[in-house]
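Chemist: Got a predicted structure here, sequence first:
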Amino acid sequence: MIKIHFKKLCMVSAFSMATLLPTAVFAQGAPVVCPDYKKGPTNIPSERTGKKVSKALEAYNLDQVDEALTILYEIDTSQEFDRAFTDRFIGNLLATQSDKAAKALEYLNKAVKAKKLNDLEQAGTLRLIADLNMQEKNYAAAAVKYKEWMDFTCKEDPDVYLRLATAYYEEQKWADIIDPINKSIKLAEKPNKNAYALKLTSYYNRKMYKETIQVAEDTVTIFPDNKANWTQLGFFYMLVEDYKKALSTFEMALNQGYLTKEAEIKALMQLYSTNNIPYKAATLFEKYMKEGLVKKDEKNLSSLASTWNQAKDPKKAAVYYGQAAALSSDPDLYYKQGTSLALSEQYKDALVALQKALDAGADNVGRIHMVMMEASFYSGDFKTAYVHVQEAKKDSSTSRSARSWEPYIKEKAKNRGIKL
């Protein structure tokens, strides 16, 4: 859900400021620390260390990183600032190499631990250490360093708050995400979708669905062109069984062309059915099945058929039950096809489908014979109706109903002069 490329950030922050030059640039300069922080004296490297650092920097500028590191490794000094400054330079160089992050952190941590760097250097190094730890998936250490950076600088940076929240996300400290992410959202010049995703995840994973929905509603308002936000909100409404809002949200998503997945179409179909609008559910599902967005498999065909039955259109239901049965030879689907055909007064076709159900090994034999009896009776075939009513009498679940039909069939046959 949330991807931040910390490696790239680390490489940029390592050399984004000209603080490696052994000149007066090392003066404290503009305030970078808390107002009540007592600044120490401005430090610059000693002449001996400064010459070697300059030589290393020349090598670096010629893309000779290994040579630059060799020069720096050879610096032996007992002066605390020189040592911290050199360790920082080494750490910055190592941070640019893909497989040296752990070693870079070793040197950078030594550099800040001494607390001898100038304010600007100390602040920048703390930030770099935090970013490197994020890159190396040392999320707890990253969180500590981001907070140290904030404590040292007294700065409220929306990006740092976002990274701190991301560290908590990676550690699955869901509740801890909220404070920094709210600050990041408040301070940001423009909305950041990652920030809202983190906030939503925090609430959702703690089953705080009311708050989750509020964030999801905000994302739809702030990022209206992001189609995933609409369906996400719709699914959250379904989660809390607010089916009217869910339907409204999915309909708006449909009208904007945002429903592009089978699961989304099926969700809208379900919502129409839940809100007692089965005809819309069936026509929608049928449309997208014909267009290929919804797979034409047994499950979907059967679901579509059932929805047409709910919409009081057994003729269409029979069509889709028949297609589903043809794919699976499921006797229950043949039975449902036959029943739907009988309801739509297609009696001959109903008898064919119901016989297929029997041939496929259906369990509800008595009920099938009852439907076959009714189909035969209403088509005027009283002899066949009588045969089926006899079969239905053999099944305990339908024997009572069959016995009540038997004299009626006999009477109708007698009135027509038909001998049973």
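Modeler: Cool, the structure landed.
Chemist: hey, let's count contacts and neighbours off CA atoms from now on
Modeler: Noted.
Chemist: where does T77 land on pLDDT?
Modeler: Here, the pLDDT recorded for T77 equals 87.
Chemist: List the contacts of it.
Modeler: 49, 83 (C-alpha atoms under 8 Å, 6 or more residues apart in numbering).
Chemist: for it, helix, strand, or coil?
Modeler: What DSSP: H, G, I helix; E, B strand; the rest coil gives for T77 is coil.
Chemist: Domains in this protein, by residue range?
Modeler: As given by automatic domain parsing, the domain ranges for the chain are 1-155, 369-420.
Chemist: Quick one, which of those domains gets closest to I178.
Modeler: In terms of C-alpha to C-alpha, the element of the domains of the chain nearest to I178 is domain 1-155, at 14.1 Å.
Chemist: Distance from the closest one to the middle of the chain?
Modeler: Chain-centre distance of domain 1-155: 38 Å, with C-alpha atoms, centre = their mean, to the nearest Å.
Chemist: Ok, stretch 162-169 next?
Modeler: Stretch 162-169 has its average C-alpha position 18 Å from the chain's average C-alpha position, going by C-alpha atoms, centre = their mean.
Chemist: Residues in contact with it: which ones?
Modeler: With contacts defined as C-alpha under 8 Å, 6+ apart, stretch 162-169 is touched by 134, 139-140, 142-143, 146-147, 174, 176-178, 180-181, 184, 195, 198, 202.
Chemist: List the ones among the residues you listed that fall in strands.
Modeler: Residues of the contacts of stretch 162-169 located in strands (DSSP state E): none.
Chemist: which stretches of the stretch 251-400 of the chain form helices?
Modeler: Along the stretch 251-400 of the chain, counting by DSSP state H, counting those that start in this stretch, helices occupy 262-274, 278-291, 298-310, 314-328, 331-343, 347-359, 365-378, 382-393, 399-415.
Chemist: Let's have those helices in a markdown table, adding distance to L57 and mean neighbour count.
Modeler: As requested, the helices of the stretch 251-400 of the chain are arranged in a markdown table below (distance: least, C-alpha to C-alpha, whole Å; neighbours: other C-alpha atoms under 10 Å):
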| stretch | distance to L57 | mean neighbour count |
| --- | --- | --- |
| helix 262-274 | 57 | 20 |
| helix 278-291 | 64 | 18 |
| helix 298-310 | 67 | 22 |
| helix 314-328 | 73 | 22 |
| helix 331-343 | 79 | 26 |
| helix 347-359 | 85 | 21 |
| helix 365-378 | 90 | 23 |
| helix 382-393 | 97 | 21 |
| helix 399-415 | 99 | 15 |
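Chemist: just to revisit the earlier point, need the least confident one among the domains of the chain, by mean pLDDT.
Modeler: domain 1-155 (a mean of 79).
Chemist: packing partners for the helix or strand K110 falls within?
Modeler: If you go by DSSP states H and E, K110 is part of helix 101-113. On a contact count with 3 or more C-alpha pairs under 8 Å, 6 or more residues apart in numbering; DSSP states H and E, helix 101-113 meets helix 80-95, helix 119-135.
Chemist: Switch the ones you listed over to TSV; also include distance to W308 and mean neighbour count.
Modeler: Rendered in TSV, the data for the helices and strands packed on helix 101-113 read as follows (distance: least, C-alpha to C-alpha, whole Å; neighbours: other C-alpha under 10 Å):
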stretch	distance to W308	mean neighbour count
helix 80-95	64	24
helix 119-135	54	25
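Chemist: Out of these, flag the one nearest K312.
Modeler: helix 119-135 (59.2 Å).
Chemist: Tell me which other helices or strands that closest one touches.
Modeler: Using 3+ C-alpha pairs under 8 Å, 6+ apart: helix 119-135 touches helix 6-14, helix 101-113, helix 139-153.
Chemist: tell me the angle that helix makes with helix 101-113.
Modeler: 150 degrees (axes from the mean of the first three to the mean of the last three C-alpha atoms, to 10 degrees).
Chemist: got the angle between helix 119-135 and helix 139-153?
Modeler: Between the axis of helix 119-135 and that of helix 139-153 there is an angle of 160 degrees, by the same axes, to 10 degrees.
Chemist: As CSV, could you dump the C-alpha coordinates of helix 119-135?
Modeler: Taking Å, rounded to 0.1, in the frame of the first residue of the first chain, the C-alpha atoms of helix 119-135 are listed here in CSV:
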residue,chain,number,x,y,z
ASP,A,119,24.5,21.9,14.6
LEU,A,120,23.9,21.6,10.9
GLU,A,121,26.0,18.5,10.6
GLN,A,122,24.5,16.9,13.7
ALA,A,123,21.0,17.5,12.4
GLY,A,124,21.7,16.2,8.9
THR,A,125,23.5,13.1,10.2
LEU,A,126,20.6,12.2,12.5
ARG,A,127,18.2,12.5,9.6
LEU,A,128,20.5,10.4,7.4
ILE,A,129,20.8,7.7,10.1
ALA,A,130,17.0,7.5,10.3
ASP,A,131,16.6,7.2,6.6
LEU,A,132,19.3,4.5,6.3
ASN,A,133,17.6,2.5,9.1
MET,A,134,14.3,2.7,7.2
GLN,A,135,16.1,1.5,4.1
